[in-house]
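[1] My questions concern the predicted model and sequence given below.
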Amino acid sequence: MGWTNRAALALATGALLASCAGEQDAATPRSSAAASPTTTTSAPAPTPEELPVERDIRDAYEAALAAHPGTEGLDRCTRQTPLTDTVCGTALSAAADVADATAQTLTAGNPEHAHLLYGAVLTTASEIRSTVGQLAGSMPCYGLNDEPAPPPQLAAEAQSICAEGADIAKAQWRIFLSTVGA
């Protein structure tokens, strides 16, 4: 699957999850306007902070973020960032490590139901890891590997490929952050 298709899939997944949450609220029966004054209403739904699944996600993310600092350097990854910029590479690696560690924690806690409970988080975490893994492949992107600099005639193409991959990883990171409630 291409970079653009993965980003589109991740965006569509996030939009689908958001719309499903809205439909679930719309499907919840409301009290009738014609109800008598003595009719009791049910207790209000718990706020997002009270939901155990969301608390598990937030806790796993915060622990992973503490264990793998450096994601704040993602802003440094731009179209003009040189291939040798290791701050960008460190930030990309940190984002992949945070996403991966979050997913591992959530999966370890409830392996048989992890995808049902944490599907959006697990999907976006996998996408980030895959994108950063591709950048760390055979090209010399941001110090993610020990490959030598490309020859001058290929430098512009390598720069473009690495920058596009970094853009996709940053978009996936933002989607991941939305799935963990950050």
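    Arrived safely, thanks for sending.

[2] Stretch 71-91: which residues count as buried?
    Buried residues in stretch 71-91, counted by 16 or more other Cβ atoms under 10 Å: 71, 73-74, 76-77, 81, 83, 85, 87-91. (C-beta placed from N, C-alpha, C; glycine too.)

[3] try stretch 148-165
    Judged by neighbour count using 16+ other Cβ under 10 Å, the buried positions of stretch 148-165 are 150, 158-159, 161-163, 165.

[4] farthest pair in the buried residues of stretch 71-91?
    71 and 83 (20.2 Å; Cβ to Cβ).

[5] and the helix or strand containing residue 115, average pLDDT?
    Secondary structure from DSSP states H and E places residue 115 in helix 114-135. Helix 114-135 comes out with an average pLDDT of 94.

[6] In that helix, which residues are buried?
    By neighbour count on 16+ other Cβ under 10 Å, the buried set for helix 114-135 is 114, 117-118, 120-132, 134-135.

[7] helix or strand right after that helix?
    The first helix or strand that comes after helix 114-135 along the chain, using DSSP H and E, is helix 152-180.

[8] my read: residue 155 touches residue 149, true?
    Yes. Under the contact definition of Cβ atoms under 8 Å, residue 155 touches residue 149, with a separation of 7.3 Å.

[9] any shared contact partners between those two?
    Taking Cβ atoms under 8 Å, 6 or more residues apart in numbering as the criterion, residue 155 and residue 149 both touch residue 83.

[10] List the contacts of stretch 140-150.
    The list of residues contacting stretch 140-150 from outside it, by Cβ under 8 Å, 6+ apart, reads 77, 81, 83-86, 88-90, 92-93, 132, 135-139, 155, 157-158, 161-162, 165-166.

[11] mind listing what's buried in that stretch?
    By neighbour count with 16+ other Cβ under 10 Å, stretch 140-150 contains the buried residues 140-144, 150.

[12] Repeat that for stretch 175-182.
    175-177, 179-180.

[13] Looking at those residues, spot the one nearest residue 64.
    residue 180 (9.2 Å).

[14] Could you measure from that closest one over to residue 118?
    For residue 180, the distance to residue 118 under the criterion Cβ to Cβ, to the nearest Å works out to 9 Å.

[15] do residue 79 as well
    For residue 79 relative to residue 118 (Cβ to Cβ), the value is 33 Å.

[16] and what of residue 131?
    Following Cβ to Cβ, the distance that separates residue 131 from residue 118 is 20 Å.

[17] Many thanks, have a good one.
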